[in-house]
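Engineer: okay, here's the prediction I keep looking at, along with the sequence it came from:
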Amino acid sequence: MGLLFGCGADPATQTETSTSSPVTPEATTPQQEPLKITVSVLPQQYFVEKIGGDRVQVSTLVGPGIEAENYEPKPQQLKDLSEADAYIGIGIFFEEVWGDRLRSANREMTWLDTAEGIEKLPLADHHHHGDDGHSHSHDHEGELLDPHIWLSPQRVKQQAESIYQLLVQLDPDGETIYADNLNQFLGELDQLDQTIRERLAPLENRTFLVFHPAWGYFAADYDLEQISIEVEGQEPSAAELAQLVQTAKEKQIRTIFVQYQFNVQAAEAIAQEINAEVVPLDPLAPNWSENMLAMTDEFVQASRPNPTE
């Protein structure tokens, strides 16, 4: 049984990872004014709060249900950014477009790109697109690179290390707290990674089809193969759509995962052709670890053979 997905609404929460709270200062510690940190997407807020605990106050630009690819900051958000101690980016498209504007809102704030130092994968797709769509980061050979690095627990460990170093730089007095929280979070990430591996291990057909190609790193981590319907904002042509339908039939795909931030008419058309169920997933849900496990369980459920076949 193959899988077909593209990402969307908040799935049911379930987790086997530790739910321990971040370390906070003792009650006798003088009240610490929290660092004001702005991030791009909700999973980053989860990461920063895991490490910073009560010593950080985090604001997120891209809120629930909003498409991150072509996001435009609101005037009030730019105004609020003037009071931030730091901005933590993650290498997504709108940061490239709005980077200068975001920096100009507060020349004093520290800027951290947690995507730096992380090896990027190609933004894989099943069909060739021209150059008329919007553009993501490219490597030296001009290949489109995948920005969805938060969907890989091992890459999140690298991001967590960068966040820790930034917080210590801004707040040296909190170093012990940040170090304890980091170590706890790294352990949770290892446990999450192991749990996902165990749940996906029995899958026989490890190829899946997504609407928006957000799952390249997830696929690479867990020995899966991602095929996408949409890439770079461009939906498939009629001929490409027909080929996708054929592929879905060959892979016995009966579930199409979609992301409500995008127009998913192409996915719905394929679902109608192959009598598939359309199921929403959301790669940007705020409770990142619970969401990763819930999405994993959706993948496992979708891979099970149809008892009527």
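Structural biologist: Looks like it came in fine.
Engineer: where does Val210 land in three-state SS?
Structural biologist: strand (DSSP: H, G, I helix; E, B strand; the rest coil).
Engineer: run through the bridge partners of it.
Structural biologist: Val210 forms beta bridges with Ser228, as assigned by DSSP bridges.
Engineer: that one: how many residues sit nearby?
Structural biologist: Using other C-beta atoms under 10 Å, the number of residues around Val210 comes to 30. Glycine gets a C-beta too; all of them are placed from N, C-alpha and C.
Engineer: pretty sure it sits against Leu224.
Structural biologist: No: under the criterion of C-beta atoms under 8 Å, Val210 makes no contact with Leu224, lying 10.6 Å away.
Engineer: didn't Asn70 look like it was pressed against Ile92?
Structural biologist: No: with contact defined as C-beta under 8 Å, Asn70 does not reach Ile92; the gap is 10.3 Å.
Engineer: which of those two has more residues huddled nearby?
Structural biologist: A direct count of neighbours by other C-beta under 10 Å for Asn70 and Ile92 places Ile92 higher, at 21 against 12.
Engineer: what sits against the more buried one?
Structural biologist: Residues in contact with Ile92 (C-beta atoms under 8 Å, 6 or more residues apart in numbering) are 40-41, 68-69, 147.
Engineer: again, 10 Å this time
Structural biologist: Contact partners of Ile92, counting by C-beta atoms under 10 Å, 6 or more residues apart in numbering, are 40-41, 62, 68-69, 71, 115, 136-137, 147-150.
Engineer: so the nearest residue to it once chain neighbours are set aside, which of the three states?
Structural biologist: Closest residue to Ile92 apart from its sequence neighbours, by C-beta to C-beta, 6 or more residues apart in numbering: Pro147 at 4.6 Å. The three-state label given to Pro147 by three-state DSSP is coil.
Engineer: Gln32 is in contact with Ile177, isn't it?
Structural biologist: Yes: look at Gln32 against Ile177 with C-beta atoms under 10 Å: they come within range, at 9.5 Å.
Engineer: looking at those two, which has the bigger crowd around it?
Structural biologist: Set side by side, Gln32 and Ile177 show more neighbours around Ile177, with 24 against 15, by other C-beta under 10 Å.
Engineer: now the host helix or strand of the more buried one: buried residues?
Structural biologist: Following DSSP states H and E, one finds Ile177 within helix 175-200. Buried residues in helix 175-200, counted by 16 or more other C-beta atoms under 10 Å: 177-178, 181-182, 184-186, 188-189, 191-193, 195-196, 199-200.
Engineer: what count of nearby residues applies to Ser80?
Structural biologist: Quick fix: residue 80 is Asp, not Ser. By other C-beta under 10 Å, the residues close to Asp80 number 17.
Engineer: cool, and the one 3 residues further on?
Structural biologist: Taking other C-beta under 10 Å as the neighbour definition, Glu83 ends up with a count of 13.
Engineer: now the helices for the protein?
Structural biologist: Under the criterion DSSP state H, the chain contains helices at 42-52, 75-81, 93-104, 153-170, 175-200, 216-221, 238-250, 265-274, 288-303.
Engineer: which one of the ones you listed lies nearest to Leu281?
Structural biologist: Nearest to Leu281, of all the helices of the chain, is helix 288-303, at 5.3 Å by C-beta to C-beta.
Engineer: counting by contacts, list what that closest one packs against.
Structural biologist: Helix 288-303 is packed against strand 3-6, helix 42-52, helix 153-170, helix 175-200, strand 207-211, helix 216-221, strand 255-258, strand 277-280, with contacts defined by 3 or more C-beta pairs under 10 Å, 6 or more residues apart in numbering; DSSP states H and E.
Engineer: returning to that earlier point: list residues touching both of Asn70 and Ile92?
Structural biologist: By C-beta under 10 Å, 6+ apart, no residue touches both Asn70 and Ile92.
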